[in-house]
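**Student:** here you go, sequence then predicted model.
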Amino acid sequence: MRIRTIPFLILMVLFSGTAFAAELPVFYKGIRPLGMGGAFTAVADDENAMFYNPAGLNGIKGMGGVSILNPYVEASKNIRPFYNDVKNVAGATGTGQSALAAQLLEDWLGKHLHFRAGMFPNVVMHNFGLGILGQASFDGEVHNPLGINTLQVRGGYDLALVASGAYGFTVMENPLMIGVTGKVINRRLLDRSYSTSDLVQQNGIDLNNDLKQGDGLGVDLGAIYSLPIFLEPAFGVSLQNIGDVNMGAAGKLEQQLNLGAAIHPPIGFGKVLVAFDIVDLTSQSGGDHDPAKRLNLGVEYKLPVIVILALRAGLHQGYPSYGFTADLWFMKLSYAYYIEEIGAYAGQLPERRNMAQISFGF
């Protein structure tokens, strides 16, 4: 398989669930939580609750919503120029192609690449959520072991059936919500390095052999405790991927404990939400123990006008994030910008990412 196959890698590989470099591994990131810096454990009042904290489904009144078609795309700033360089190499032949491939690896040495795309059609209502996740992504970086440039790729795709249930009752005269999520995951994982010769040889890239397959069953538990006092504080906890989700050759999702808090400051017009999270409290996920990488803070302001507009901002791992959603009843347009730390500690290797999503439903 020649270099012309590499564009397909960019379009169809990864969400391995394991992190490339030292990025904290997360099974799914929703565009609304990302705009809020990733702070969502004590909020969880929409379809994202199935991934962040299923207890929040108890707070949804009646039919929460049906999303029929909701494609999303996320990319780091390097993806487009890298893809253009790959196309140039793919269009060459013979020794010229080999030279261009070698130059491509030289030019991109040490630069990280990230791409993610997918869809999550779902239905959520009071105490229940059901959805099907299809997600693909790509993470790549050129390394130079022993003086030889190689493109290290970690990628694949996930298909998952996700179902969540919740229940609410009163504890000490205050509402307590609990919830559980079950997910059945089918994964294809690509995790290997390619040299210049691999990129240009006939069978240098063989996805049939390089992609590893695995299946897993995961369970998440969550709870949210609210106080009906000034600021309406809520406190959330979620334990994700209990006991790890082992998918054999396709890797695993590690257990993760998250804590969160949220308040609702009163204002005269619209609604304001402020949230704070500590994710992976016990440092069971990823390859580091840096506490700063596990802190998220976010705020959301919903402005009720003809077009319902929600504005968001936050701090994710100490870096700024922001986003918005324009709700046109049958269609939603959403955007989020955030920075992900791919180094061993916050402030080492920040990567800027943009995400956009369009949703059709009711």
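**Tutor:** Cool, got the structure.

**Student:** all contacts plus neighbour counts: C-alpha atoms, from now on.
**Tutor:** OK.

**Student:** where do the strands sit along the stretch 101-250 of the chain?
**Tutor:** 112-119, 122-125, 128-143, 150-171, 174-195, 212-226, 234-240, 245-246 (DSSP state E, counting those that start in this stretch).

**Student:** nearest to Leu257, out of these?
**Tutor:** When these are compared by Cα to Cα, strand 234-240 sits nearest Leu257, at 4.6 Å.

**Student:** ok, and what's touching the closest one?
**Tutor:** Contact with strand 234-240 is made by 41-43, 52-53, 219-227, 255-263, as judged by Cα atoms under 8 Å, 6 or more residues apart in numbering.

**Student:** about what we covered before: now the strands of the stretch 101-250 of the chain as JSON lines including mean neighbour count?
**Tutor:** What follows is these, written out as JSON lines (neighbours: other Cα atoms under 10 Å):
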{"stretch": "strand 112-119", "mean neighbour count": "22"}
{"stretch": "strand 122-125", "mean neighbour count": "22"}
{"stretch": "strand 128-143", "mean neighbour count": "23"}
{"stretch": "strand 150-171", "mean neighbour count": "21"}
{"stretch": "strand 174-195", "mean neighbour count": "21"}
{"stretch": "strand 212-226", "mean neighbour count": "21"}
{"stretch": "strand 234-240", "mean neighbour count": "24"}
{"stretch": "strand 245-246", "mean neighbour count": "19"}
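
**Student:** can you put those strands in TSV and add distance to Tyr83 and mean pLDDT?
**Tutor:** Formatted as TSV, the strands of the stretch 101-250 of the chain follow (distance: least, Cα to Cα, whole Å; pLDDT from 0 to 100):
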stretch	distance to Tyr83	mean pLDDT
strand 112-119	10	96
strand 122-125	32	98
strand 128-143	12	94
strand 150-171	14	94
strand 174-195	16	94
strand 212-226	24	97
strand 234-240	35	98
strand 245-246	33	96
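
**Student:** with distance to Tyr345 as added columns, please give those strands in a markdown table.
**Tutor:** Shown next, in a markdown table, are the strands of the stretch 101-250 of the chain (distance: least, Cα to Cα, whole Å):
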| stretch | distance to Tyr345 |
| --- | --- |
| strand 112-119 | 16 |
| strand 122-125 | 35 |
| strand 128-143 | 18 |
| strand 150-171 | 21 |
| strand 174-195 | 23 |
| strand 212-226 | 27 |
| strand 234-240 | 23 |
| strand 245-246 | 25 |
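
**Student:** to Ile342, which of those lies closest?
**Tutor:** Of all the strands of the stretch 101-250 of the chain, strand 112-119 sits nearest to Ile342, with 8.7 Å by Cα to Cα.

**Student:** tell me which strands and helices the closest one is in contact with?
**Tutor:** The helices and strands touching strand 112-119, judged by 3 or more Cα pairs under 8 Å, 6 or more residues apart in numbering; DSSP states H and E, are strand 72-76, helix 79-90, strand 128-143.
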